[in-house]
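Student: can you look at this prediction? I've put the sequence above it.
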Amino acid sequence: MAHSSAAAARRRRATGPAPSLTGPASDVHPVPRRATAPPAALDLLAQARAGLDEATVLDTSNERYATAHLAALRTAAAVLAARGRPETSSRARSKIRSAWEVLPEIAPELTEWSALFASGAPRRARAEAGIRGAASGRDADDLIRDVAMFLRLVERMLVLQPVLPQPRTDADHPDHPDGHDPDGRDPGGRGPDGHCPDGHRPDGGLGREMPDAG
C-alpha cells in the first residue's frame, strides 16, 4: 500500500498541478481569435501571400528573389496600414523614407526583420534590372524562407490575437459554496427548523403536533 501511494505521489509531481479555472492565467493556453485588421492591411497581406507563392514557382533566381522581396515589402506595408500614424509636421511629410525605416518605429518587435530586408533592397534592384547573377539560387531560396516566416509572424500580429479564457464568476454558481440554500434550507431541502417544504418531517411524521392519546 505504501509503495502504491509513493508511486501516485511521483506521478502527481511529474504531471504537475491541474490548471486552475479561477487562478492566474499562466496555467492556461491562449486561444487565437480573429481580430479586426483594416481592410487595406488584409488586402496587402493577401497580395504578399500570392506573391510569395508565385516566387516559389518562377524560373530564374533573379525573378524569384525580386518577387519574394516584394512580398516582404507588402507585408511591412500591411503593418504600417494597421498601426501607422499620419505625420503631423510638414517637414516629416516632405521627407521620403522607406518602409524598412518606418517599420521599427511602428513595430519595434520587427526591427531585426526590417534590417534584414533593407539589406536585400539593393540586390532586389539589381535583380529587377536583369543583371546576370544578381541573385543566386541560394539567395532566392533563403529569402523565400525568410519572407514566409515574416509573413506568418505578421499575420498572427494583425489577424490572429491570443485571448485567454475568463475566470469563472459567482454568477456562474448561484448556489452557496457549502451546498446550503441562501434561505436556510440544507441540501436535503429542509428548512432551518428541520421541516420539509411540504410539511413532513424527515422521519416520515407530519410537521404538526399530534394530540396526546391519553
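Tutor: Good, I have the coordinates. Residues are numbered from 1 along each chain as shown.

Student: can you show me the strands along the protein?
Tutor: Secondary structure of the chain (DSSP state E): strands located at 31-34, 160-163.

Student: any idea of the mean pLDDT for the first one?
Tutor: The one in question is strand 31-34. In this model, strand 31-34 has a mean pLDDT of 47.

Student: ok, and the closest non-adjacent residue to A148?
Tutor: L52 (6.2 Å; Cβ to Cβ, 6 or more residues apart in numbering). The way it works is simple: take the backbone N, C-alpha and C, and place the C-beta from them, glycine included.

Student: give me the residues contacting stretch 104-115.
Tutor: 76, 79-80, 83-85, 100-101, 103, 150, 153-154, 157 (Cβ atoms under 8 Å, 6 or more residues apart in numbering).

Student: for S114, report the pLDDT, please.
Tutor: pLDDT recorded at S114 is 97.

Student: distance of it from A50?
Tutor: Applying Cβ to Cβ, to the nearest Å, the value for S114 to A50 is 22 Å.

Student: of the two, who's got more company?
Tutor: The neighbour count for S114 versus A50, taken as other Cβ atoms under 10 Å, is higher for S114 (24 against 12).

Student: for R132, what are phi and psi?
Tutor: Main-chain dihedrals, R132, degrees, to the nearest 10: phi -60, psi 130.

Student: what pLDDT does it get?
Tutor: 94.

Student: kindly report the same for C196.
Tutor: Value for C196, per-residue pLDDT: 54.

Student: ok, the one 4 residues further on next?
Tutor: According to the prediction, H200 has pLDDT 53.

Student: alright, I will stop here.
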